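S.K.: Okay, here's the prediction I keep looking at, along with the sequence it came from:
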Amino acid sequence: MSDPHPARVSPEKEDKRTFLQKIAEFIHPGPDSRAELIETLADAEDNDVIGAESRVMLEGVIRLADLTAGDVMVAAPRMDLINIDAPYDEMLHVVIDTAHSRFPVYEGDRENIIGILLAKDLLKLQRAPELNIRALLRPAAFVPESKGLNDLLREFRGNRNHQAIVIDEFGRVAGLITIEDVLEQIVGEIEDEFDIPEDEGDIFGLADRTYRVSGDTSIERVNEAFAVTLAATNAEQAFDTIGGLIAHEMGHVPKRGEHHTLAGLNFVVLHTKGGAVRWFKVSPVADDDKTG
């Protein structure tokens, strides 16, 4: 028996665009490539359709598909690691100096990553020294260098591992990547534990009687705070910030962990980003070690 009310079958899906929309799309067809799409976003910003920050974020999302873990990872030589056999005080020193929240832990060889230690878990050892630190380790996640950031972000969101060890094609440790590294490709630089608003100051006293100094602190302010006279070895060179001065004196872009002595002060690079020093750890040096 046939259906008394047969459904209407349309040969094509109903087009709900208005006549004017169809004409507009005929005259100005949509972008056919990522490059054209990015140009369209730039045009949208120029026409005040979207704001500058929105355009940057949208471009970041588009470009994310072309990036891999190997493109944005922290290279293996620059990874801050903890030795499972190190004394507690040495571990605590690494945590304080680097100010990260979690650390890959190795045994024997730096290539042998056996887990992840959360900085806060060290407090458990302080309260109960009889605890075995191995019991505090979290499993380490490993990803290949070729891992797409889109897929990696999905994995980070789906589990509680917001840090992964990057492995090269030969199975060796190539570097480290965090969810922050991925998100910064979309939203730009994310403030972390080193980032302190400018109105809160730029020189901070630490518990060990050293100081944390922002790389963009003016040389004049550093001179005043430490009662020194910092200047370039070449009198013809003039610099506004301590980061610029130290980089010039070292002769290259400073890397984390490097240090330089100038005017009786020892500058240790704590944190770098975008090719510039974000934070130094500064302390006076002995008279017989002073240079500059």
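M.R.: Arrived safely. Numbering: from 1, shown residues only.
S.K.: Skipping its backbone neighbours, what lies nearest the spatially most central residue of the chain in space?
M.R.: In the chain, the centroid-proximal residue (Cα atoms, centre = their mean) is Asp181; its distance is 4.7 Å. Of all residues not flanking Asp181 in the chain, Val72 sits nearest, at 5.0 Å (Cβ to Cβ, 6 or more residues apart in numbering). Yep, even glycine has a C-beta here, placed from its N, CA and C like the rest.
S.K.: And for Val285?
M.R.: Among residues not flanking Val285 along the chain, Asn266 sits closest, at 4.8 Å (Cβ to Cβ, 6+ apart).
S.K.: Helix, strand, or coil at the residue nearest to the centre of the chain?
M.R.: Classification of Asp181 by DSSP: H, G, I helix; E, B strand; the rest coil places it in helix.
S.K.: Surely it touches Asp71?
M.R.: No - at 9.7 Å, Asp181 does not count as touching Asp71 under the criterion of Cβ atoms under 8 Å.
S.K.: residue ranges with poor pLDDT in the stretch 51-200 of the chain?
M.R.: Scanning the stretch 51-200 of the chain for pLDDT under 70 picks out the ranges 188-200.
S.K.: residue boundaries of the strands in it?
M.R.: Along the stretch 51-200 of the chain, counting by DSSP state E, counting those that start in this stretch, strands occupy 74-75, 82-83, 102-107, 109-118, 142-144, 163-167, 173-178.
S.K.: can you list the domain ranges for this structure.
M.R.: 20-64, 70-187, 198-289 (automatic domain parsing).
S.K.: what sits up against whichever helix or strand Glu39 is part of?
M.R.: If you go by DSSP states H and E, Glu39 is part of helix 34-46. Helix 34-46 has contacts (Cβ atoms under 8 Å, 6 or more residues apart in numbering) with 30-31, 50-52, 54-55, 58-59, 62-63.
S.K.: Helices of the protein, start to end?
M.R.: 19-27, 34-46, 52-64, 69-72, 88-98, 122-127, 149-158, 179-187, 219-226, 242-250 (DSSP state H).
S.K.: what's next to the fourth one, contact-wise?
M.R.: Pointing back at helix 69-72 there. Contacts of helix 69-72 (Cβ under 8 Å, 6+ apart): 143-147, 149, 152, 164, 166, 168, 174-175, 177, 181-182, 184-185.
S.K.: same question, stretch 88-108
M.R.: Residues outside stretch 88-108 that contact it (Cβ under 8 Å, 6+ apart): 79-86, 112-120, 122, 125-126, 129, 137-138, 140, 163, 165, 176, 193-194, 208, 270-271, 281.
S.K.: Ends of it, what's the gap?
M.R.: Stretch 88-108 stretches 17 Å from its first residue to its last (Cα to Cα, to the nearest Å).
S.K.: ok so, going back, so for Asp240, which of the strands of the stretch 51-200 of the chain sits nearest?
M.R.: Closest to Asp240 of the strands of the stretch 51-200 of the chain, according to Cβ to Cβ: strand 74-75, at 28.7 Å.
S.K.: elements contacting that closest one?
M.R.: strand 173-178 (3 or more Cβ pairs under 8 Å, 6 or more residues apart in numbering; DSSP states H and E).
S.K.: can you list contacts of the strand it packs on?
M.R.: By Cβ under 8 Å, 6+ apart, the residues outside strand 173-178 that reach it are 69-70, 72-76, 78-79, 104, 110-111, 113, 143, 145, 152, 162-168.
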